[in-house]
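> kindly return the folded structure for what I paste below:
(chains A and B)
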2 protein chains.
Amino acid sequence: MGETAKNKKLHLGAFMRPIGIHTAWWRYPGGYPDANFNLDHLVRFIRTLEAAKFDAFFMADHLAVMKMPMEALKRSATVTSFDPLTLLPALAMVTERIGLIATASTTYNEPYHVARKFASLDHISKGRAAWNLVTSGNPDEALNFGRDAHLDHPVRYARAREFFEVVTGLWDSWADDAFVRDVEAGLYFDPKKLHTLDHKGEFLKVKGPLNVARPVQGWPVIVQAGASDAGRQIAAETAEMVFGSSSTLEAGQKFYADVKGRMRAAGRAPDKLKILPGAFVVVGGTEGEAREKKARLDALVPVESGLANLSVRLGTDASGFDLDAPLPEIPETNASKSGQAQIVDYARRTGATVRELARKVGGYGGLSFIGTPEQIADRMAEWLHTEACDGFNVMFPFVPEGLDDFCTGVVPELQRRGLFRTEYEGTTLRDHLGLKRPGNRFFEGREAVNAGS
Amino acid sequence: MGETAKNKKLHLGAFMRPIGIHTAWWRYPGGYPDANFNLDHLVRFIRTLEAAKFDAFFMADHLAVMKMPMEALKRSATVTSFDPLTLLPALAMVTERIGLIATASTTYNEPYHVARKFASLDHISKGRAAWNLVTSGNPDEALNFGRDAHLDHPVRYARAREFFEVVTGLWDSWADDAFVRDVEAGLYFDPKKLHTLDHKGEFLKVKGPLNVARPVQGWPVIVQAGASDAGRQIAAETAEMVFGSSSTLEAGQKFYADVKGRMRAAGRAPDKLKILPGAFVVVGGTEGEAREKKARLDALVPVESGLANLSVRLGTDASGFDLDAPLPEIPETNASKSGQAQIVDYARRTGATVRELARKVGGYGGLSFIGTPEQIADRMAEWLHTEACDGFNVMFPFVPEGLDDFCTGVVPELQRRGLFRTEYEGTTLRDHLGLKRPGNRFFEGREAVNAGS
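Residues are numbered from 1 along each chain as shown, chains lettered A, B, ... in the order given. As a prediction, this is how the structure comes out:
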């Protein structure tokens, strides 16, 4: 099993957050300002991505209108978007091969609902579903679910771990060949092929069985994005794709080695998890043209939006900070530890002012590839070949141009170099990612299939 | 406003429960035994129903594998089915006009999720979504959501009422014209057009606003099915379609008068709610042929399945009852009051044995129209013209034959008589049902639009 370094190919996800991570994406000249909430546009995008042979279409999520000062909020395209688990079944009907990744929180959901919806999506899409398992670190989400404050970070992760066990246990309620539908005998299923989970844990009590047949993929692909210590550990133990957030090659290599090392320690073969850092990609006919596009986009970010993004990253309201002073002391919060640490470290290291930090995160401050298709392919190849990644979750700067440029410029260049598929070789997302179908823990023995190599 | 008795037309929903209410539907000769879990079949059915100009496709739901003795469970097609809110967005993409009704429980859901998913479905389907608001009366569902027992009937209904207020309040988070998307000014929405609900009630605390624009229909259509006193009252106050369960014309007229009377008492015009009893319809070229089909189907119900259905209806395990004795005393339970009372009354009135009761409910014991298209149209017209209904939720005995027979036999007969549309006149489910788009309570004044005539 596993790809050798030589023939290793990139895996590409399209991170449609909805649409863009850059706050000004909807203002770019010639773009679709309503793209994130226009089904016809989304259909066009996913078909373009499928024609370019992307592994998957990735829809992130928030369970709230983000809390920002109104001066920033009123400029944000994130305030209206489709529920990912309602959108993806629709997009499944206009595509045939591309994977469909939806974020669903383990903090404000019930595992029976999550197991059932992803199992249904996997059947409807004939094996293309993936669950991005997150904990909810946005304090505004708590208020929409009857809580005054968020669960503490360690509690969120302990609950997430148990939630994962319950959801996957529910997916294994039925053996793959349970449903005989013997019309003559009047037998719909074989009773020996049904398992009742009867889970009673620290956070959850769920009887089961699930009222949906085992998913086409056994389990939908498990995706995670946590970068904190707890996040890396749960990823090493359970994830099959990680949405990475390293912003430099060196950080990418360290993260890659750390997570794959944790996998070995947990008894999992490293190739059972693909690490795809998010990469913001701006393509131009020349490097200068690409940089010009990026500058034009950045110029469309108002400082209010940047401050709002900074507040989210810090988990504290930055709107009152002195714009021209360095970042003040930031209190400990329940927000994402890794997101906060990264920006605080950067501020301390560079002595950047609040205004500079706001611009940085209001546009996009993470890993960016800006240049010609050849330059971008060079960088991607370098990451792939130096064990910094197994591919990328590509973030487009604006649509449709930014997405089309990538699909018609960078993808063919990667294909020419043998770094990316020219045809899908299978039908399921597991096929695209080179991931085995997990065995059913109750009927086949989990160890034999999910652990080891 | 409102249709006069003379020009009143039927509204038709297709109750796809999933697929059939008769436990033997999947065994009928020449049928599709896997129809309820086969997307291709479901696509074919909904397209046929749309070609026949049905108002809506209705997907009921349960949040559990029904608890039955294994001898009955292993014969039940209900054990695997799609989550309705995952299936309907997919079916929205292969249809253009037909309404899409999904059941979602107010007992084991969070209102923020429910509001968001139905709003998303309404946008994706361009105004065709409806929410069948139910309380969970199935004791097995509690066990999948961390509870040992169900909420009491009055608590469930009080929570349901508050849940409705929160969901509709979240749908009204944004004025219809909130999203200006002014690219030049960098203004995505008008802050004056945003309302934060900030609900703090007896059962629920939800901040809002919803992160989805106001639905195309204002609110997706509100459907209910409760027949108990509490169920009728909440329907009279909030519902726009009721799935009725009267099994005789007289009972239908009484129910109709009662609910419409409660509406007047609550200050709502009676034509703001359409009453569509479930009707099990078997069509034949002759009455004899139709009766033969029904007999063939009934003969395929094993007594174990009948006993299991009886247990559900009674809210108590009937598998140990003496098959050849009359129904014993039934203890008070948290199950559906109206479902239990109906069968107990029938048993006392007729002195039927347990075996006879099991056969009756194992097949289908409610309102049935069995005969030629002409005979069925006669009965439907009688119900419509004597104020027993505004239409029907048609339940097919088996598929595809039973569904096709209805669409190619009964529908044309109803159309010939001017009792059913020959073309859709609008694009939304509200258009089909003759229901006004509700005003936004925070921006237009709820009273003006939703109450009165």
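
> if I read this right, A:D431 contacts A:E425, doesn't it?
Yes. Between A:D431 and A:E425 there is a contact under CB atoms under 8 Å: 6.5 Å. In short, each C-beta sits where N, CA and C put it, glycine included.

> neighbour-wise, which of these two wins?
A:D431 (18 against 11; other CB atoms under 10 Å in any protein chain shown).

> hmm, A:A129 is touching A:I222, no?
No. A:A129 is not in contact with A:I222 according to CB under 8 Å; the separation is 10.7 Å.

> between those two, which one's more packed in?
More neighbours surround A:A129 than the other of A:A129 and A:I222, with 32 against 22 (other CB under 10 Å).

> chain B versus the more buried one, what's the distance?
10 Å (CB to the nearest CB, to the nearest Å).

> please apply the same query to A:K9.
31 Å.

> so what's that residue up against?
A:K9 makes contacts with A:E3, A:G418, A:L419, A:F420, A:R421, as judged by CB atoms under 8 Å, 6 or more residues apart in numbering or on different chains.

> quick check on those: which are buried?
A:L419, A:F420, A:R421 (16 or more other CB atoms under 10 Å in any protein chain shown).

> return the member of those nearest to A:P69.
Comparing these against A:P69 with CB to CB places A:F420 closest, at 42.3 Å.

> quick one: residues contacting A:S319.
A:M68, A:P69, A:A72, A:E304, A:L307, A:A308, A:S311.

> any idea of the mean pLDDT for stretch A:366-380?
In this model, stretch A:366-380 has a mean pLDDT of 97.

> should've said stretch A:282-296
The model assigns stretch A:282-296 a mean pLDDT of 97.

> out of the contacts of A:S319, which are close to chain B?
Counting by CB under 8 Å from any CB of the partner chain, nothing from the contacts of A:S319 sits close to chain B.

> could you find the closest non-adjacent residue to A:R430?
A:Q217 (5.1 Å; CB to CB, 6 or more residues apart in numbering or on different chains).

> neighbours of that neighbour, how many?
Neighbours around A:Q217, by other CB under 10 Å: 27.

> ok, it - contacts?
Applying CB under 8 Å, 6+ apart, the residues near A:Q217 are A:D122, A:G127, A:A129, A:T428, A:L429, A:R430, A:R437.

> which ones among the residues you listed map onto strands?
Counting by DSSP state E, the part of the contacts of A:Q217 found in strands is A:A129.

> looking at the contacts of A:Q217, state which has the most neighbours.
A:A129 (32 neighbours).

> how much space separates it from B:L100?
Distance, A:A129 to B:L100, by CB to CB, to the nearest Å: 21 Å.

> and A:A115, by the same measure?
Counting by CB to CB, the gap from A:A115 to B:L100 is 23 Å.

> and the two? Which one has more around it.
Neighbours per residue, other CB under 10 Å: of A:A115 and B:L100, the larger number sits with A:A115, 31 against 28.

> check whether whatever helix or strand the more buried one lives in comes near chain B.
Using DSSP states H and E, A:A115 falls within helix A:111-124. Yes. Against chain B, helix A:111-124 shows contacts by CB under 8 Å from any CB at A:Y112, A:H113, A:R116, A:K117, A:A119, A:S120, A:L121, A:H123, A:I124.

> can you tell me which of these is nearest A:A269?
A:A119 (25.5 Å).

> that closest one - how many residues pack around it?
A:A119: 30 neighbours (other CB under 10 Å).

> what sits against it?
Contacts of A:A119 (CB under 8 Å, 6+ apart): A:L170, A:W171, A:L210, A:V212, A:A213, A:R214, A:P215, A:P220, B:D83.

> most widely separated two among those residues?
A:R214 and B:D83 (14.9 Å).

> look up how far A:K9 lies from the residue nearest to A:R430.
20 Å.

> list the buried residues of stretch A:401-421.
A:401-407, A:409-411, A:413-415, A:419-421.

> so of those residues, which ones are in helices?
A:E401, A:G402, A:L403, A:D404, A:D405, A:V411, A:E413, A:L414, A:Q415 (DSSP state H).

> surely the first one touches A:P29?
No. No contact is recorded between A:E401 and A:P29 when judged using CB under 8 Å, the distance being 9.2 Å.

> which one is A:L133 nearest to, not counting chain neighbours?
Nearest non-adjacent residue to A:L133 (CB to CB, 6+ apart): A:Q224, at 5.5 Å.

> check contacts around the residue nearest in space to the middle of chain A.
Note on chain A: the residue nearest the mean C-alpha position is A:F243, at 5.1 Å, using CA atoms, centre = their mean. By CB under 8 Å, 6+ apart, the contact list for A:F243 reads A:G13, A:F15, A:F58, A:N132, A:V223, A:Q224, A:A225, A:L276, A:P277, A:G278, A:N393.

> report how many residues lie close to the second one.
By that I understand A:F15. Other residues close to A:F15 by other CB under 10 Å number 23.

> ditto for the one 4 residues further on
Close neighbours of A:I19, defined as other CB under 10 Å, add up to 29.

> go on, A:D176?
17.

> would you say it is within a helix?
No. Under DSSP: H, G, I helix; E, B strand; the rest coil, A:D176 sits outside any helix and is assigned coil.

> related to what we said a few turns ago, among the contacts of A:S319, which lie within helices?
Using DSSP H, the contacts of A:S319 in helices are A:A72, A:E304, A:L307, A:A308, A:S311.

> pull the most distant pair out of those.
Between any two of those, the greatest separation by CB to CB is 10.7 Å, found for A:E304 and A:S311.

> re earlier: nearest to chain B among the contacts of A:K9?
A:R421 (26.5 Å; CB to the nearest CB).

> low-confidence ranges in chain A?
A:1-6, A:334-336, A:445-453 (pLDDT under 70).

> helices of the stretch 1-150 of chain A, residue ranges please.
A:39-51, A:70-73, A:84-92, A:111-124, A:139-143 (DSSP state H, counting those that start in this stretch).

> could you give the angle of the third one to helix A:39-51?
Helix A:84-92 runs at 70 degrees relative to helix A:39-51, counting by axes from the mean of the first three to the mean of the last three CA atoms, to 10 degrees.

> next up, the contacts around the closest residue to A:N38 other than its chain neighbours.
Leaving out its chain neighbours, the residue that sits closest to A:N38 by CB to CB, 6+ apart is A:Y32, at 6.7 Å. A:Y32 makes contact with A:W26, A:N38, A:H41, A:V399, A:P400, according to CB under 8 Å, 6+ apart.

> what do you get if the cut-off is 10 Å, keeping everything else the same?
Neighbouring residues of A:Y32 by CB atoms under 10 Å, 6 or more residues apart in numbering or on different chains: A:19, A:25-26, A:38, A:40-41, A:44-45, A:398-401, B:181.

> looking at the residues you listed, spot the one nearest A:P331.
A:W25 (31.3 Å).

> return the set of buried residues in the helix or strand harbouring A:V155.
Assigned by DSSP H and E, A:V155 belongs to helix A:153-171. In terms of neighbour count (16+ other CB under 10 Å), helix A:153-171 has its buried residues at A:153, A:156-171.

> hang on, the earlier thing: quick check, nearest of the buried residues of stretch A:401-421 to chain B?
Distances from chain B to those, taken by CB to the nearest CB, are shortest for A:E401, at 14.4 Å.

> now A:P373: how far from A:C407?
In terms of CB to CB, A:P373 sits 11 Å off from A:C407.

> list the buried residues in the longest strand seen in chain A.
Across chain A, the strand with the greatest residue count (assigned by DSSP E) is strand A:274-283. Across strand A:274-283, burial judged by 16+ other CB under 10 Å covers A:K274, A:I275, A:L276, A:P277, A:G278, A:A279, A:F280, A:V281, A:V282, A:V283.

> what do you get for stretch A:214-232?
A:214-228, A:230-232.

> kindly report the same for stretch A:198-208.
Buried, per 16+ other CB under 10 Å, within stretch A:198-208: A:H199, A:F203, A:L204, A:K205, A:V206, A:K207, A:G208.

> from those, list the ones also adjacent to chain B.
A:H199, A:F203, A:L204, A:K205, A:V206, A:K207, A:G208 (CB under 10 Å from any CB of the partner chain).
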